[in-house]
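Engineer: Structure for the following, please:
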Amino acid sequence: MSGPHIIGLTGSIGMGKSTVAAMFADEGVPVFDADAAVHDLQKAGGALVPAIELAFPGTTSVDGVDRKALGAAVFGDKDRLAKLESIIHPAVAEQRIAFLSDHAEVDMVLFDIPLLFEKGGHKGVDSIVVVSSPYAVQRERVLARPGMTAEKFDQIFALQMNDADKRARADHVIETGHSLDETRQNVRELVKKLRAGLA
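Structural biologist: Next comes the predicted model:
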């Protein structure tokens, strides 16, 4: 076996992906969280702060990247967003490689990647798990977040591949529209099934 089986976990905003990732961790599957890696790279003293300040002057301080200011600097501008991604993605990829080498002896790991399909990350995983819930549940969850507006939700929603397409391309779908206990049970069964397939 050449390293662990890599599960790619994805799902649109508000589908419960972070909750499901934590459930995989509870089942003993090491999780690489792409969003957490980005936060780490952008915090005070983070490796990407100087490069981001250079590309987008005034978006950082001694506290690291001001996510609100950076968001405003790239919001709705494809070129500026692409510039930001060209700074962030290679750095996250390096962290992912380091994570894999740290967990070379385990049977499986999980990559929690919000834009798995949109950014081509699905090519680097062995199986894909999509987290999904009905649109009404998704919208309600997202609009309950602090600072979220219907307009902002619609813009984020428009940038993401739609749920039906993600489900169609998934190897496994975890439904999160019902109770947490049911979701946890589904994760547990999937981990068992994957482990049996690797044995």
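
Engineer: ok, which stretches of this protein are helices?
Structural biologist: Taking DSSP state H, the helices of the chain run over residues 17-26, 34-42, 49-55, 67-74, 78-102, 135-143, 150-159, 163-169, 180-198.

Engineer: Is it possible to get a markdown table of those that adds distance to G124?
Structural biologist: No exception for glycine: its C-beta is placed from N, CA and C like everyone else's. Converted to a markdown table, these look like this (distance: least, C-beta to C-beta, whole Å):
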| stretch | distance to G124 |
| --- | --- |
| helix 17-26 | 17 |
| helix 34-42 | 12 |
| helix 49-55 | 24 |
| helix 67-74 | 25 |
| helix 78-102 | 8 |
| helix 135-143 | 26 |
| helix 150-159 | 21 |
| helix 163-169 | 15 |
| helix 180-198 | 17 |
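
Engineer: weakest of those in terms of mean pLDDT?
Structural biologist: Of all the helices of the chain, the minimum mean pLDDT falls on helix 150-159 (a mean of 87).

Engineer: Pull the residues that contact that helix.
Structural biologist: S12, I13, F75, G76, E118, R139, V142, L143 (C-beta atoms under 8 Å, 6 or more residues apart in numbering).

Engineer: In PyMOL, select just the buried ones from the residues you listed.
Structural biologist: A single PyMOL command suffices to select whichever of these are buried according to 16 or more other C-beta atoms under 10 Å:
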select buried, resi 12+13+139+142
